[in-house]
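# Let's see this in three dimensions:
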Amino acid sequence: MRKIPALLAISLGMASLVNAQTKKGKINGTVEDGSQKNLQSATITLLKAKDSSSVKFALANKDGRYEFVNISDGKYIVSVTSVGYEKVFSAVFEITEALPEVSPG
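Numbers count the residues shown, from 1 in each chain. Purely as a prediction, here's the structure:
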């Protein structure tokens, strides 16, 4: 199986673009393989960091982009799976009122 080393080279880019009054966050990113090629149709799962329970699922679009919206404050992990690749996980990141938007990939 091929690995996706650059898939989730997690550099948490954070921005405060979501309205803080809603207390809901946004997580978005891009899925790439080791050669920086975007992977469409990869399955992205948002997991609670505490117990790895599933919160939401998404599919990467044709540009390898994904997005989760209306996410409650808390600590999370993103996992990515795609046919022919090993499953990979992000580092733990946190959604807060002060940092409501995270881009882990």
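# so Leu46 touches Ser54, yeah?
Yes. Using C-beta atoms under 8 Å, Leu46 is in contact with Ser54, at 7.3 Å. In short, each C-beta sits where N, CA and C put it, glycine included.
# Skipping its backbone neighbours, what lies nearest Ser53 in space?
Leaving out its chain neighbours, the residue that sits closest to Ser53 by C-beta to C-beta, 6 or more residues apart in numbering is Leu47, at 6.6 Å.
# Centroid-nearest residue for this structure?
Most central in the chain under C-alpha atoms, centre = their mean is Val78, positioned 4.6 Å from the mean C-alpha point.
# Next, it: secondary structure please.
Assigned with DSSP: H, G, I helix; E, B strand; the rest coil, Val78 falls in the strand class.
# got the contact list for it?
Contacts for Val78 were tallied using C-beta atoms under 8 Å, 6 or more residues apart in numbering; they are 8, 27, 29, 44-47, 89-90, 104-105.
# returning to what we had before: the helix or strand where the residue nearest to Ser53 lies pairs with which strands, and in what direction?
In the assignment (DSSP states H and E), Leu47 maps to strand 43-48. Under the criterion DSSP bridges, strand 43-48 sits next to strand 54-59 (antiparallel), strand 74-81 (antiparallel) in its sheet.
# Brilliant, that's me finished.
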